[in-house]
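>>> Would you be able to build a 3D model of this:
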Amino acid sequence: MASQSSSRTSKFSYKAISEGGDLYELPETPKNREFSTEEVQTKIFENYNLPKPPRSKQGVEPIKKDDIDPKELHVPPKRRNLYLDYNWTPLTEEAANVAIPRRNIEGHVPHDLRGRLYRIGPNARYLPGDDQRINWFDGDGMIHAVAFENDEDGRMRASYSNRWVQSSFYKQELCIQRPSLNITSLRGIHGILLIIQELLRLFVQSFLLGFKYTRDRIDSFSPLGVANTNMLFRKGSIYALYESDGPWKLNPVSLTTEGFNDRDLRPQGVSEPYCAHPKAAVNGDLISFGILFRPGPMGGMILYVNNPEDPSRERKFKVPDMESYIHDICISKDFIIFMDSPCRNDLSNMLYGGGPLRWDYNGSFMDSPCRNDLSNMLYGGGPLRWDYNGSSRIGVIPRDEHGMKLLGLETLSSVKWFKLEEEESGFVFHWGNGFNDDQTIIACGSYFEEFDISFLDEEIPMNYDRLPKMSDFRIDLESGRVCRHDILRDDNTKLHTLSDFPVWSQTLTGGEHRTRFLYGSFAFLEANRTFVGPRDEVPTDGTLTTIGGFAGYFKYDLTDPDAPRIKRIAFPRDVNGGECCFVLKAGAVDEDDGYLIGIVTHLPRDPVHHGIYANSYRSYVWVFDAKLSDIEDFAKFDKSDPYHERQTPGSSTANMWVGRVPGLLASIELPNRVPWGLHNLFLPNDELF
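Predicted structure coming up:
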């Protein structure tokens, strides 16, 4: 990661940009304060090597800006944890039904788009210590919701809310006033010792102090469960999901946590961890799984099928010969599809995984990335490891008798394996919707050539092999051959495209109709080499940078992988986004008759000093017509300048996006920034009320 610009201001500013472009002092109220005390600590004391303030039982003591010597801020910033900086910086307050002024709404929100957009992601309640690693998936879950409703006059009104998911992990943190243990960030012998220490503390606390930390948990020996990854709507409730814990039930309107509830989703398996990506098929099947992080035969993958309308379809079984880690599955009309990869569940790797030398994947060639690092023996190994001698294969499980017949299997609990070519071995993180006929299976997924969750510790890896590329997989059922096609690859460009977060029309999930259009998010590897943030210098036009996250959305036509038809929404410079949602229009005829809706983040220029960025990010909900009729198809993805839209220096009003961004129907500026999160969910009002 390139070092940050040295052009930070000489004094930390408690200012924000008004709607008219002027600077003004922020009032000291929780609703309007741009930086809370914990955010100030992160931005100043972490970034500039200054002594940390004392902590109280309530958190960080208040910091007075007059106590900070401006000369000290000229000290070059030390290396920062990426996932506690920029727009990953956690929020410290909750909001309930904050009305969004009409002046913040640009364009026209369609009349048939009434409901709630939800975004979930990590948002640490307490910041970790200096010796604790953290990655994108660490931190307590927080849900943000934007509601679109009609008032009494029939005009659209919008409001914003956000709340933490009050899981057992969250309750534990409130009790001990510090971050609880998170195994995804633990490494080596040091990590094992911390786990033992945490379990002993929980034992003493539960039986001597009376705090029943494990009361809501499905696995009392696993201090996990931050409920921060995904959401599922079922039986009038939202379930916050994390793959090392069970589902947490929330009220979809108030966002209050109603408690741990597993039996609504899988009554057969309340003693095992749940997954972050269950699949709800159009026939009523809810297909999910759990990964057992246990050594040898005790570990593996358990599959669940539940259907309240047809109990005869319910089943639970352990997938044979499956010891790798998976994050997601794919379903088609007749099959359940997943990948068995060289990414192994191996807790013993924490004991043996580190050696006296380590490879710095972000090191340069001239200064060899092979580092002498004895501490790697103490911290080197994580609970997952990549087996470089392993290979990948796609497992296919029948959903019904017809699927069993097509695969030539004898039971519905059997698996047929399709091996990938050796050079195609890899890992699929997120799957799109699947389709099959009697000869072929088609599935798309974000493909890594190598994967380990520790690659995301503290920074984004700069090794292209360790970043996702959306791929089209075709399986010939007769020959057993698997073909993989990189959807967005273009060998004629110098830019390397990353892509993830596949979305599609949910009315087709696991059904008999083929999904033609796949949507997703993309970014550029080269831009991620240089992050820019608040108070940094504005780079020159020829410098490819990013404020973080993804650079836009894409639409892929799956009809013919040899002649791809792709549309792309490229965000303007200094704007980024994450996952989008596809929402079907009322009375839709075509598959792509719908809207793309998602949350984007903008880092504006300082209205006075145009050569530097402002103090704070702004978040918007953007709504597009999913047909993208104003954007041409092209076979080669990186056809144009990735940042062809330039931010107008000094622009600071909300009315600046519709008309500049192709296909944008509406832009809604939110009352506060929304940190870069993970997955989205949109629920129409007729499903909520």
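>>> what ranges of the stretch 101-250 of the chain fall below the confidence cut-off?
130-133, 180-192, 198-199, 201-224 (pLDDT under 70).
>>> All the helices of the stretch 401-550 of the chain, in order from the start?
Using DSSP state H, counting those that start in this stretch, the helices of the stretch 401-550 of the chain run over residues 401-407.
>>> pLDDT below threshold where in it?
Short version for the stretch 401-550 of the chain, where the test is pLDDT under 70: 452-461, 491-493, 542.
>>> Chain neighbours aside, what residue packs nearest to Asn615?
Pro534 (5.1 Å; CB to CB, 6 or more residues apart in numbering). Heads up, the C-betas are built off the backbone N, CA and C, glycines and all.
>>> what about the one you found, neighbour count?
Residues near Pro534, counting by other CB atoms under 10 Å, number 23.
>>> May I ask you to confirm that it is in contact with Asp606?
No. Contact criterion CB atoms under 8 Å: Pro534 and Asp606 do not qualify, at 9.6 Å.
>>> Can you pull the residues that touch both of the two?
Taking CB atoms under 8 Å, 6 or more residues apart in numbering as the criterion, Pro534 and Asp606 both touch 613-614.
>>> Hmm, Arg481 and Cys424 touching each other?
One correction, residue 424 is Glu, not Cys. No. Checked against CB under 8 Å, the pair Glu424 and Arg481 is beyond contact range at 11.1 Å.
>>> okay, the two: which has more neighbours?
Glu424 (16 against 13).
>>> Let me see the contact set for that one.
392, 482, 484.
>>> what about the last one, how many residues close to it?
Neighbours of Arg484 under the rule other CB under 10 Å: 20.
>>> Let me see the contact set for it.
420, 424, 447, 471-473.
>>> can you rerun that using 6 Å?
424, 471, 473 (CB atoms under 6 Å, 6 or more residues apart in numbering).
>>> State the distance from it to Ile475.
Distance of Arg484 to Ile475, computed by CB to CB, to the nearest Å: 10 Å.
>>> Same question for stretch 601-611: list its buried residues.
Within stretch 601-611, the residues scored as buried using 16 or more other CB atoms under 10 Å are 601-607, 609.
>>> for stretch 398-418, same thing?
Neighbour-count burial for stretch 398-418 [16+ other CB under 10 Å]: 398-399, 403-404, 406-407, 409, 412-416, 418.
>>> Can you check the distance spanned by that stretch, start to finish?
14 Å (CA to CA, to the nearest Å).
>>> Not counting it itself, show me its contacts.
Under CB under 6 Å, 6+ apart, the answer for stretch 398-418 is 317, 334-335, 393-397, 475, 480, 482.
>>> same thing but at 7 Å, please
315, 317, 319-320, 334-336, 393-397, 438, 475, 477, 480, 482 (CB atoms under 7 Å, 6 or more residues apart in numbering).
>>> Just the buried residues of those residues.
By 16+ other CB under 10 Å, those give 317, 319, 334-336, 393-397, 475, 477, 482 as buried.
>>> Among those residues, which are located in helices?
Among the buried ones among the contacts of stretch 398-418, no member is found in helices (DSSP state H).
>>> now, which of those lie within strands?
317, 335-336, 393-397, 475, 482 (DSSP state E).
>>> Could you save the residues you listed as TSV and add columns showing distance to Lys171?
Shown next, in TSV, are these (distance: CB to CB, whole Å):
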residue	distance to Lys171
Phe317	34
Phe335	40
Ile336	35
Arg393	41
Ile394	40
Gly395	37
Val396	41
Ile397	37
Ile475	45
Val482	45
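>>> so which pair among those residues is furthest apart in space?
Phe317 and Val482 (24.2 Å; CB to CB).
>>> show me the contacts for Val600.
571, 575-577, 620, 622.
>>> what about the strands in the stretch 51-200 of the chain?
Taking DSSP state E, counting those that start in this stretch as the test, the strands found in the stretch 51-200 of the chain are 55-56, 59-60, 95-99, 105-107, 115-122, 141-150, 156-164.
>>> Can you tell me which of those is most buried?
Mean neighbour counts were taken over these using mean count of other CB atoms under 10 Å, and the top value, a mean of 24, falls to strand 115-122.
>>> Please enumerate residues in contact with that one?
136-139, 141-148, 226, 228-231, 238, 240, 252, 581, 597, 599, 621, 674-685, 688.
>>> Put the alpha carbons of that strand into CSV.
Only the C-alpha atoms of strand 115-122 are listed here, as CSV (Å, rounded to 0.1, in the frame of the first residue of the first chain):
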residue,chain,number,x,y,z
GLY,A,115,-39.7,-0.2,1.0
ARG,A,116,-36.5,-0.5,3.0
LEU,A,117,-32.9,-0.8,1.8
TYR,A,118,-30.7,-2.6,4.4
ARG,A,119,-26.9,-2.7,4.6
ILE,A,120,-25.0,-4.8,7.1
GLY,A,121,-21.3,-4.7,7.9
PRO,A,122,-18.6,-4.8,10.6
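>>> what's the angle between it and strand 156-164?
30 degrees (axes from the mean of the first three to the mean of the last three CA atoms, to 10 degrees).
>>> buried subset of the contacts of strand 115-122?
136-139, 141-148, 226, 228-231, 238, 240, 252, 581, 597, 599, 621, 674-684.
>>> Show me the residues you listed that map onto helices.
Per DSSP H, these never map to helices.
>>> Show me the helices in the stretch 551-689 of the chain, by range?
685-688.
>>> Quick one: the strands in it, in order.
Going by DSSP E, counting those that start in this stretch, the stretch 551-689 of the chain shows strands at 552-557, 565-570, 575-584, 594-602, 618-625, 664-669, 679-684.
>>> Ok, which of those comes nearest Ala276?
strand 679-684 (8.2 Å).
>>> Tell me the helices and strands packed up against the closest one.
Using 3 or more CB pairs under 7 Å, 6 or more residues apart in numbering; DSSP states H and E as the contact test, the elements touching strand 679-684 are strand 115-122, strand 230-234, strand 575-584.
>>> partners of it, with directions?
When pairs are called by DSSP bridges, strand 679-684 turns out to pair with strand 115-122 (antiparallel).
>>> State the distance from Met470 to Ser446.
Taking CB to CB, one finds Met470 at 6 Å from Ser446.
>>> I meant to write Lys585 there.
For Lys585 relative to Ser446 (CB to CB), the value is 27 Å.
>>> For these two, indicate the residue with more neighbours.
Using other CB under 10 Å as the criterion, Lys585 and Ser446 rank with Ser446 on top: 25 against 17.
>>> who are the neighbours in contact with the more buried one?
Per CB under 7 Å, 6+ apart, neighbours of Ser446: 428-430, 468-470, 499-500, 502.
>>> make it 8 Å
Per CB under 8 Å, 6+ apart, neighbours of Ser446: 428-430, 468-471, 499-502, 520.
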